[in-house]
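> Structure, please.
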Amino acid sequence: MHHALSRFGRRRTLQTGAVLAVVLGLLAWWLLPQGDERGPSGPLTFSTGVPSGVYQRYGERLEDALAKDMPEVAIRLRTSEGSQQNLARVATGEADFTIATADAVATYLRDGRQGAQRLRGCVRLYDDYVQLVVPRDSDIRSAAGLRGKRVGVGQEGSGVRLVADRLLQAAGLDPDDDITPVPVGIDTMPVRLTQGQLDAFFWSGGLPTGAVQELSERFDIRLVPLEADLVAKLQAATGPTRFYRSAMMPADAYPEAQQGQSVPTVAVANLLVTTDRTDAGMTEAFTRTVINSRDRIGREVHAAQLVDLRTAIYTDPLDVHEGAKDYYRSVKP
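Purely as a prediction, here's the structure:
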């Protein structure tokens, strides 16, 4: 009898221990963070733009936000000539994420350039506004008035060059023969204008662009209207030009230059771009940071304030990356 009770006691002890182990295991599972607490890890290269442009300023602020949200990711920013070079870098694996205008993306796809089919969209960001800048006392009053002038048209790999050439053609000018094209970027255009080396320059960027704002505060400039008929001619050509739309630069974009006047111009959306090679978790986290950091970055880079969750998923002409879709599903009401 004593022997049987002893066996019963041991069995009961073993059963109690097993139950306790299960309970403790479940408790540990409950208390531990689910999934990978560290989130994405590894290197990440973000191709931005020219040093004094909005792409670079936005990239620098976003880098800070990403470092906080993804501490295991080693982020590297690379300056570039602009949208066209950015797309080539991402498509060929030289960079993981970038910003590019929708018309530049459509052109890259249309031309079937290397890696084009691998490109994916993450976020529709803010709009770029085309800015045709001249000295205030200039006789240039329209794009057609650039005939025979020395015009800064943007670097070869830039989105500025793309839209400048198209606008000149819409205005009836040959971009190579009817003007003297100067292939420089926003980092040198302002000083060339003040020194008389340029009669005008094109810039396409968020409002306000720091380099243009600083120029307007130390030199008398004017913004030339780009009227709706130019946009109509661009859109009539179909293809990548369908992404251009008529817009108004608000009077307070550059108060010194505009003197209380809004200016008609051309606008095009910017997209955050990656490829199907990029990990879904990394893309979801990157997309989340872009949306969540909007207001914080917007205090320093005004254009960032215009990122809108309601329209962010519309990355036409690119399909949305699966990781970005995961983010949008997670915040869907």
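> mind listing the strands in the protein by residue range?
With DSSP state E, the ranges of strands along the chain come out as 42-47, 73-78, 97-101, 119-135, 150-152, 180-182, 200-205, 221-223, 245-249, 263-275.
> Direction included, what does the first one pair up with?
Taking DSSP bridges as the criterion, strand 42-47 sits next to strand 73-78 (parallel), strand 97-101 (parallel) in its sheet.
> and among those, the most buried is which?
Most buried of those by mean neighbour count (mean count of other C-beta atoms under 10 Å) is strand 97-101; its value is a mean of 29. Placement of C-beta: from N, CA and C, glycine included.
> for that one, what is the average pLDDT?
Taken as a whole, strand 97-101 carries a mean pLDDT of 97.
> outside of that strand, which residues touch it?
The contact list for strand 97-101 (C-beta atoms under 8 Å, 6 or more residues apart in numbering) reads 44-49, 55, 58-59, 80, 83-84, 86-87, 89-90, 108, 122, 125, 128, 159, 162-163, 204, 243, 268-274, 278, 286.
> before we move on, back to that, for Leu223, find the nearest of the strands paired with strand 42-47.
Nearest of the strands paired with strand 42-47 to Leu223, taken as C-beta to C-beta: strand 97-101 at 19.3 Å.
> gap between that closest one and the chain center?
5 Å (C-alpha atoms, centre = their mean, to the nearest Å).
> With stretch 73-85 instead?
11 Å.
> pLDDT (mean, whole number) over it?
For stretch 73-85, the mean per-residue pLDDT is 95.
> From start to finish, how long is it in a straight line?
Looking at stretch 73-85, the gap from its leading to its trailing residue is 24 Å under the measure C-alpha to C-alpha, to the nearest Å.
> could the strands of the chain be laid out in a markdown table, adding distance to Leu309?
Compiled in a markdown table, those are given as follows (distance: least, C-beta to C-beta, whole Å):
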| stretch | distance to Leu309 |
| --- | --- |
| strand 42-47 | 21 |
| strand 73-78 | 23 |
| strand 97-101 | 18 |
| strand 119-135 | 9 |
| strand 150-152 | 36 |
| strand 180-182 | 40 |
| strand 200-205 | 23 |
| strand 221-223 | 31 |
| strand 245-249 | 21 |
| strand 263-275 | 13 |
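> Kind regards, and thank you for your time.
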